[in-house]
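Enquirer: fold the following and give me the result.
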Amino acid sequence: MDPIKGRGATFSPANRFAPTRSEAEHDGWWQEAMPERIATVTATESAKSALSWNRSPDLPFDRSINPYRGCEHGCIYCYARPSHAYWDMSPGIDFETRLIARTGLVERLREELCKPQYVCRPINLSGNTDAYQPIEAEYRSTRALLELLLECRHPVTLITKSTLILRDKEVLQALARRRLVKVMISLTSLDDDLKRRLEPRAASPKARLKTLHELAALGIPTGALISPVIPGLTDHELETLLTAAKDAGASSAGWMLLRLPHEVAPLFAEWLEHHYPQRAAKVMSLIRQCRNGQDYDSRFGHRMRGQGVFADLLDQRYRKACRRLGLPQRDETTLDTSSFRPPQRQGSLF
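Expert: Below you'll find the model as predicted:
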């Protein structure tokens, strides 16, 4: 299937939970062609809870909030794509075009923060898909959540590749003054042509660096996450990306290796064949060299960085570049958990 303009996935793999599967076969008869463009459709879901919990030793947080399911940015490599199968939709085109906005999150979070057993630790917005993807401009869920967290003095971390975060700079500044926020801007490549293919509806590299610079200038602790590093495709930019981030005002940096869980592996491989056919075999070979011979290795301690000679070389290059630039390799921002005060329950008279 030919790529759809403005979208990342070139096809829609079957929902792995579906009891049956169907495949199109060319039998010589007329076949309806895939439309050149597919509009984004957003449904709503009433949230039953706000916080998602994890026990992963690979993550610097144990709780997160995901305002949206699916992501219009359309990054072909997104590790969250397989989650769309839980909603009986494809991790391919559906993930980018059939979105779900979760409503009632502020009310659910308020209830959860009021529980007597709740222990305050930073909440990540968001661990799955970008909390500042385009539909946030309409639904403003992320903004409302930040306002509640500011009200109750609760620390929060954000990872985004969207310029929309600047809309909330006043709230973020207020949080920063109380040591309650840390922002990471995700950087993948400085190549505009590669970015358009890899992340079709995300902000340009220049726009992300400008966003990083503006946030840092406002006194908001902001770092750069070089992610994902794609062997044979973007890894040669590692040092250049770190230098650009430092020049823009990044206070720290991190990196992650490309992850290809479940349906992401065939989606990415097909994308490579369409856009970079001469490199496809080499890229997949290097990925497997970092993943114990497989497309993906989900083991804790390995899934973020990989293993083997090539993965070790990437880590050495990252560390050497950070030392040269004076860029902390680990987030040194300590967020304040001591000033947390449970929010008032809605309807409370006292």
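Enquirer: so who does S83 touch?
Expert: Counting by Cβ atoms under 8 Å, 6 or more residues apart in numbering, S83 touches 69, 91, 128. C-beta coordinates here come from the backbone N, C-alpha and C atoms, glycine included.
Enquirer: so how do I select the buried members of those in ChimeraX?
Expert: Selection of buried members from these for ChimeraX, criterion 16 or more other Cβ atoms under 10 Å:
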select :69,91,128
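Enquirer: which of the contacts of S83 lies closest to L51?
Expert: Nearest to L51, judged by Cβ to Cβ, of these is N128 at 12.8 Å.
Enquirer: low-confidence stretches in this structure?
Expert: By pLDDT under 70, the weakly predicted segments of the chain are 1-2, 19-36, 331-332, 345-350.
Enquirer: quick check: longest helix in it by residues?
Expert: Longest helix of the chain, by residue count under DSSP state H: helix 309-325.
Enquirer: which other helices and strands contact that helix?
Expert: Helices and strands touching helix 309-325, by 3 or more Cβ pairs under 8 Å, 6 or more residues apart in numbering; DSSP states H and E, are helix 238-248, strand 253-257, helix 280-290.
Enquirer: tell me the most buried of those?
Expert: Mean neighbours per residue, mean count of other Cβ atoms under 10 Å, is largest over the helices and strands packed on helix 309-325 for strand 253-257, with a mean of 22.
Enquirer: parallel or antiparallel, which strands does that one pair with?
Expert: The pairing partners recorded for strand 253-257 under DSSP bridges are strand 222-229 (parallel).
Enquirer: now the strand it pairs with: buried residues?
Expert: 222-229.
Enquirer: run through who's touching it.
Expert: 77, 159, 182-188, 212, 215-216, 234-235, 238, 241-242, 245, 248-259, 314, 318, 331.
Enquirer: could I get the buried residue list for stretch 295-313?
Expert: By neighbour count on 16+ other Cβ under 10 Å, the buried set for stretch 295-313 is 295-297, 302-307, 310-311.
Enquirer: and that stretch, end to end?
Expert: 19 Å (Cα to Cα, to the nearest Å).
Enquirer: and for stretch 75-92?
Expert: Span of stretch 75-92 from end to end, Cα to Cα: 10 Å.
Enquirer: I'd say S162 and R201 touch.
Expert: No: using Cβ atoms under 8 Å, S162 is not in contact with R201; the gap is 9.7 Å.
Enquirer: any common contacting residues for those two?
Expert: Counting by Cβ under 8 Å, 6+ apart, the common neighbours of S162 and R201 are 73, 134.
Enquirer: between those two, which one's more packed in?
Expert: Higher neighbour count among S162 and R201: S162, with 24 against 18, using other Cβ atoms under 10 Å.
Enquirer: give me the spatial nearest neighbour of that one, chain neighbours excluded.
Expert: Nearest non-adjacent residue to S162, counting by Cβ to Cβ, 6 or more residues apart in numbering: Y132, 3.7 Å away.
Enquirer: same question for L175.
Expert: V181 (3.8 Å).
Enquirer: backbone dihedrals for the one you found, please?
Expert: phi -150, psi 150 (degrees, to the nearest 10).
Enquirer: wait, it sits on R153?
Expert: No: applying Cβ under 8 Å as the test, V181 and R153 come out as separate, 11.3 Å apart.
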